[in-house]
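>>> Take this sequence and fold it.
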Amino acid sequence: MEWFYAHNGQQAGPVSETDLAELAGTGVVTAETLVWHAGMNEWQAYGSVMTVPPPVGGSIETKYCNSCGNQFPVSDLAMFGESAVCMTCKPGYVQRLRQGMTSTAPPLFNYAGFWVRVVAQLIDGVILSAVRYAITIPLGLEGFFRPLRPGIMAAYFGAGPGIGFALGVAYSVYFWSQYGATPGKMALGLKVIRADGGPVSVARAFGRYFAELFLDTLTLGIGYMMAGWDSEKRALHDRIADTRVIRTR
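Have a look, this model is predicted:
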C-alpha cells in the first residue's frame, strides 16, 4: 500500500507503509501529520490511523503555533520572522500579512471576546447541572422532589452544594489541563493557554479556577467584564493566572 503525507505544506510520497513508519520514527511524520492512501475518503491525521512510534534518538524539538496555540514539531511549522505558524493556520496568517499586518513578532493569537466566553460558560453550566442532579437526586439531596424533613434539609444544604462544588473544580481543572478547554469552550472553538501559547498545568488550572470563583464574584462581575476592554481579552482570573482564551477556528 502506498501512502502520501503532508510535509511543510506540500504533498509528499508515495511511500510504503514501512517507510512511513520509519518517517514517524524519525519525527518527520508526527501524530498530527495528514496522511492518505487510495481508498480513504479524506486525509486524516497519522495518529488517528496508525500507532505513532517514539522518535529515534530521543525527543524532537517542538514549538507552539503562535496562532492556534497547539504544539507541533519544528519541522511542521512555517516561520514568519519570529512567529511559528502551523500548516492549518498558515493560510489565515498569510492573508493577514497581505491585508497589511506588518509585525511578525509572537504571539499573534485570535483572542476570544466577552460574549462568546459567556455562552461557553452557559453551556458548561448546563452540563454541570445535569451531572450534579444525576448524582444528587437519587441520593435524595434535592428537596424540591419531596417534602423537606430536617434530615433531608441538612443533607441538601450540606452535601448537595458540596457535590456541586467538587464537580465544578474537577470539571474545570481536568479539561483545562488535559485538553485546554472545557466542553463549552470546545463547542465554540475556544482554548485556554499560557501567555507563550503553552498548555495550562494542573496547578495553574487550580489557581485560575479559584481566582474566577472568588475574585470575579467578589468584584460583582467586574472581573469578568474586564475581558470586554482588555487588549488581550483577559478577565481578572486570566490576569492572575497569566492565561489567555483564544479562538482556534
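
>>> Next one: Asp124 from Phe210, what distance?
The span separating Asp124 from Phe210 equals 16 Å under the rule Cβ to Cβ, to the nearest Å. (Glycine included, C-beta is placed from N, CA and C.)

>>> The two: who's more crowded?
Asp124 (21 against 16; other Cβ atoms under 10 Å).

>>> That one contacts Ala187, doesn't it?
No - using Cβ atoms under 8 Å, Asp124 makes no contact with Ala187, being 9.3 Å away.

>>> Near Ala84, how many other residues are there?
Other residues within reach of Ala84 by the criterion other Cβ under 10 Å amount to 22.

>>> Only alpha carbons, please: show the strand or helix carrying it as CSV.
In the assignment (DSSP states H and E), Ala84 maps to strand 83-86. Only the C-alpha atoms of strand 83-86 are listed here, as CSV (Å, rounded to 0.1, in the frame of the first residue of the first chain):
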residue,chain,number,x,y,z
SER,A,83,6.4,33.6,14.7
ALA,A,84,5.9,29.9,14.2
VAL,A,85,2.7,29.0,12.4
CYS,A,86,1.3,25.6,11.8
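
>>> Which positions within the very next helix or strand once past that strand qualify as buried?
From strand 83-86 onward toward the C-terminus, using DSSP H and E, the following helix or strand is helix 90-98. Applying a neighbour-count criterion of 16 or more other Cβ atoms under 10 Å, the buried positions in helix 90-98 are Lys90, Tyr93.

>>> and what of stretch 117-133?
Here stretch 117-133 shows Arg117, Ala120, Ile123, Asp124, Ile127, Leu128, Arg132 as buried, counting by 16+ other Cβ under 10 Å.

>>> any chance of those in a markdown table, with distance to Leu215 too?
Output for the buried residues of stretch 117-133, formatted as a markdown table (distance: Cβ to Cβ, whole Å):
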| residue | distance to Leu215 |
| --- | --- |
| Arg117 | 16 |
| Ala120 | 19 |
| Ile123 | 23 |
| Asp124 | 19 |
| Ile127 | 24 |
| Leu128 | 20 |
| Arg132 | 24 |
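
>>> Just the residues you listed: which are in helices?
With DSSP state H as the criterion, helices contain Arg117, Ala120, Ile123, Asp124, Ile127, Leu128, Arg132 from among these.

>>> In contact with the fifth one, which residues?
Same thing as Ile127. Under the criterion of Cβ atoms under 8 Å, 6 or more residues apart in numbering, the contact partners of Ile127 comprise Tyr171, Pro183, Gly184.

>>> Let me have the residues you listed in JSON lines, adding neighbour count as columns.
Compiled in JSON lines, the contacts of Ile127 are given as follows (neighbours: other Cβ atoms under 10 Å):
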{"residue": "Tyr171", "neighbour count": "18"}
{"residue": "Pro183", "neighbour count": "16"}
{"residue": "Gly184", "neighbour count": "21"}
